[in-house]
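In: Sequence first, predicted coordinates after that:
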Amino acid sequence: MTTDVALTAGLRSTVATLNSRLHRTGLRIFLVIVLAHWAEHLTQAAQIYVLGWPLPEARGLLGVPFPWLVTSEWMHYGYALVMLVGFLLLRPGFDGRARTWWNVTLAVQVWHHLEHLLLLLQALTGENLAGKAVPTSIIQLLVPRVELHLFYNALVTLPMIVAMVLHNRSGGPRCSCAE
């Protein structure tokens, strides 16, 4: 067996295990990651709209002690990529209506990931969209970044929650989540 074949077989086995006996655990870990990200965005929104902090100082929970996190396009892109990979890896465990909702959230995350890739490429090249002073996503040309990311996170999270609720009621074809 060549190395490539062994790696492919190992990945298939890992994904199969993740979507059967470890699906519930995988979904819970993924949900914790999503909720931690929400905590960051909601804290930043509260800092701006409740506490009246200026935008450069409103950096969320981790951004206050580690300001570079907020300005790091690598960090934002990395999170978008982790989310995309998580949606893809956990997808085989879903079926029926739960799978449909999971696919909706996956489609939104594909777009969200592409927007972060665009931001990262601008940060790396120094060439910003529409001549803006900072890296700017396509939809950010119409909606400010803080509000846009709250909106994107809602668009990703809401169908994900619907998918998980439906899935937990019925389980998947090989999954023990409903037990």
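Out: Thanks, I have the structure now.
In: Any buried residues in the lengthiest helix in the chain, and which?
Out: Using DSSP state H, we find that the single longest helix of the chain is helix 96-125. Within helix 96-125, the residues scored as buried using 16 or more other C-beta atoms under 10 Å are 98-99, 101-102, 104-106, 108-109, 112-113, 115-116, 118-120, 122-123. Just so you know, the C-beta spots here come from the backbone N, C-alpha and C atoms, and that holds for glycine as well.
In: and if you look at stretch 51-65?
Out: 58-61, 63-64.
In: Also stretch 151-171?
Out: Quick answer for stretch 151-171 (16+ other C-beta under 10 Å): 152-153, 155-157, 159-160, 162-164, 166-167, 171.
In: What of stretch 37-51?
Out: For stretch 37-51, using 16+ other C-beta under 10 Å, the buried residues are 37, 40-41, 43-45, 47-48.
In: any low-confidence regions in the protein?
Out: In the prediction, the chain carries residues with pLDDT under 70 at positions 1, 6-7, 171-173, 178-179.
In: from the middle of its chain, how far away would the following helix or strand past the longest helix of the chain be?
Out: Next along the chain after helix 96-125, taking DSSP states H and E as the criterion, comes helix 145-170. In terms of C-alpha atoms, centre = their mean, to the nearest Å, the centre of helix 145-170 is set 10 Å apart from its chain centre.
In: Would you tell me which one of the buried residues of stretch 151-171 comes nearest to Arg145?
Out: Arg145 lies nearest to Tyr152 out of the buried residues of stretch 151-171, by C-beta to C-beta, at 10.2 Å.
In: OK, contacts around the closest residue in space to the closest one that isn't next to it in sequence?
Out: In space, and not counting its chain neighbours, Tyr152 is closest to His112: 5.0 Å by C-beta to C-beta, 6 or more residues apart in numbering. Residues in contact with His112 (C-beta atoms under 8 Å, 6 or more residues apart in numbering) are 80, 83, 152, 155-156.
In: Which pair in these has the greatest spatial separation?
Out: Ala80 and Leu155 (13.1 Å).
In: if we can go back for a sec, what would the buried residues of stretch 151-171 look like in a markdown table with distance to Thr14?
Out: Formatted as a markdown table, those follow (distance: C-beta to C-beta, whole Å):
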| residue | distance to Thr14 |
| --- | --- |
| Tyr152 | 29 |
| Asn153 | 28 |
| Leu155 | 29 |
| Val156 | 24 |
| Thr157 | 26 |
| Pro159 | 26 |
| Met160 | 22 |
| Val162 | 27 |
| Ala163 | 22 |
| Met164 | 21 |
| Leu166 | 25 |
| His167 | 20 |
| Gly171 | 20 |
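In: which one of these is nearest Ser20?
Out: Gly171 (10.4 Å).
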